[in-house]
Each structure stands twice: as structure tokens, then as C-alpha cells.
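K.L.:
just a sequence and a predicted model for now, questions to come.
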Amino acid sequence: MDSESGFGFGCTPTWRREGGYTWGMRFDLLMLMVLLSLSGCNTYPPPDELNSGYTTCQTDDECVVVELGCCTACNGGTAVAVRTDQADEVADIYSERCGNGVDCTQRACDPLEAVCQVDTCILLE
């Protein structure tokens, strides 16, 4: 091993800095990226306005309510109205990841309804 070239495979050892990063810092960043990729790209809560590809419609039958929170929307969670054929994808991307022991209120509410208005799925509350 040459002391000038570090470990010989592009990493800089912790005892030698180049460009402000150490080999240990690079390893930590790499591990963080791996963990994030394994955990999926979940985005909760969803944006105020979903991509139009998820919500464009022509009839009420094309729209469905998707609950995204650990609790129902009535009990502190989040729900959105989307195209029926996009419901699974929206749930995969925007659903809250819930652990054991999530406490939700137990309110009883009228069910939410998804309808198509002005070519967009919306929630009627």
C-alpha cells in the first residue's frame, strides 16, 4: 500500500483528508444511501396537490378514497381522492409507515366520498 494513494481503490483513510471528506465519512454516507434505498421512498404526508396523473377523471366512478395515515382521516390521519387505477401507486408512495402501538382516536364519522368535479377527483366531506 502506497501512503500517497491511500488504500489504492479511491478511498481516503480517516488519517488523511482530501477534499474535506474522510474515508469514514464516505462510508457513512454510502451506508445512509443504502438504508434509504432499502426503506423505500415514502413521502408522508402527501403534497397539498397530487400530480394530475393521479387525479384526472371524467366520471365519479373513476375516483376512490385512499386512506394514507396510520389512523383514518376522521381520527387524525390523511385521505386523498385519486383515480381508481392509481390508488395502489398513491398508497405505496404516500402512505404513512406505522409501527406497533399507534394510538388513534376512535371517533365515528360519516364516510368520505370521492367524486369527479372539473375533471379532478376530490373528497366530499
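P.N.:
Looks like it arrived, so ask away. In this text the structure is predicted, and so the values were computed from the model without any measurement.

K.L.:
so which residues of this structure form strands?
P.N.:
Along the chain, counting by DSSP state E, strands occupy 63-67, 79-83, 113-117, 120-124.

K.L.:
mind showing which ranges of this protein have poor pLDDT?
P.N.:
Along the chain, segments meeting pLDDT under 70 span 1-44.

K.L.:
dihedrals phi and psi, the closest residue to residue 70 other than its chain neighbours?
P.N.:
Nearest residue to residue 70 in three dimensions, chain neighbours excluded: residue 98, at 3.7 Å (CB to CB, 6 or more residues apart in numbering). Placement of C-beta: from N, CA and C, glycine included. Reported as degrees, to the nearest 10, the phi and psi values for residue 98 are phi -110, psi 140.

K.L.:
before we move on, the earlier item: out of the strands of the chain, which comes closest to residue 103?
P.N.:
strand 63-67 (16.7 Å; CB to CB).

K.L.:
and the contacts of the closest one?
P.N.:
Here strand 63-67 makes contact (CB atoms under 8 Å, 6 or more residues apart in numbering) with 57, 73, 77-84, 87, 90-91, 111-116, 121-123.

K.L.:
neighbouring strands for that strand, and are they parallel or not?
P.N.:
Partners of strand 63-67 in the sheet, by DSSP bridges, are strand 79-83 (antiparallel).

K.L.:
direction-wise, compare the partner strand with strand 113-117 and give the angle.
P.N.:
Counting by axes from the mean of the first three to the mean of the last three CA atoms, to 10 degrees, strand 79-83 lies at 50 degrees to strand 113-117.
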